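Q: how would this look folded up:
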Amino acid sequence: METLNKTSLTEQTRKGACLAFFSAYQDMDTARMIQLATPDATVHFQPMGDDGKGSFWEFGKGVWQLLMDCFPNLDNTVDSLTADGDTVTAHVTIFGTQAQDFLGITNKGLHFNSDHVFVFHFDEADRITNLDITWDHASFSKQLGA
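A: Model (predicted):
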């Protein structure tokens, strides 16, 4: 019987935390999403520049809740997870249909399907300390008729 070394076990635990994050995202449960992070964790929604940086627990939760409110059928598919030390990179497709105005994009009831890259950073206790998220914002906006 083969045993896992500590590094591969930690990588699996961190990948599991990422899957738990996206499962909570699918369930539209922001409380579960943020509980996976340290209280001082940060998030950066990169296409938003400096305006997209903030606290994971407050700013991140607010952005995710706004997305869920504006796209009530919001969903995601995890395409891949790659672990490297304290970092896990997730390639994820996020999709939904707009039902309310969102960050200056007028609601036209259109659907979006967008590839995202989430880069999670973890501490020694396998809790998220930082999350960087990027996507093609021009394509996202165009799909929504902006």
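Q: Spatially, which residue comes closest to residue 64, not counting chain neighbours?
A: Computed as CB to CB, 6 or more residues apart in numbering, the closest residue to residue 64 that is not its neighbour in sequence is residue 30, at 5.2 Å. Every C-beta, even on glycine, is put in place using the N, C-alpha and C of the backbone.
Q: same question but for residue 41, I mixed them up
A: Nearest to residue 41 is residue 56, by CB to CB, 6+ apart, at 3.7 Å.
Q: I'd assumed residue 45 was in contact with that neighbour.
A: No: if you go by CB atoms under 8 Å, residue 56 and residue 45 don't touch, sitting 11.2 Å apart.
Q: Against residue 90, how distant is the residue nearest in space to the middle of the chain?
A: The residue lying closest to the centre of the chain (CA atoms, centre = their mean) is residue 118, at 5.8 Å. Using CB to CB, to the nearest Å, residue 118 is found at 4 Å from residue 90.
Q: Between these two, which contacts overlap?
A: Common neighbours of residue 118 and residue 90, using CB atoms under 8 Å, 6 or more residues apart in numbering, are residue 18.
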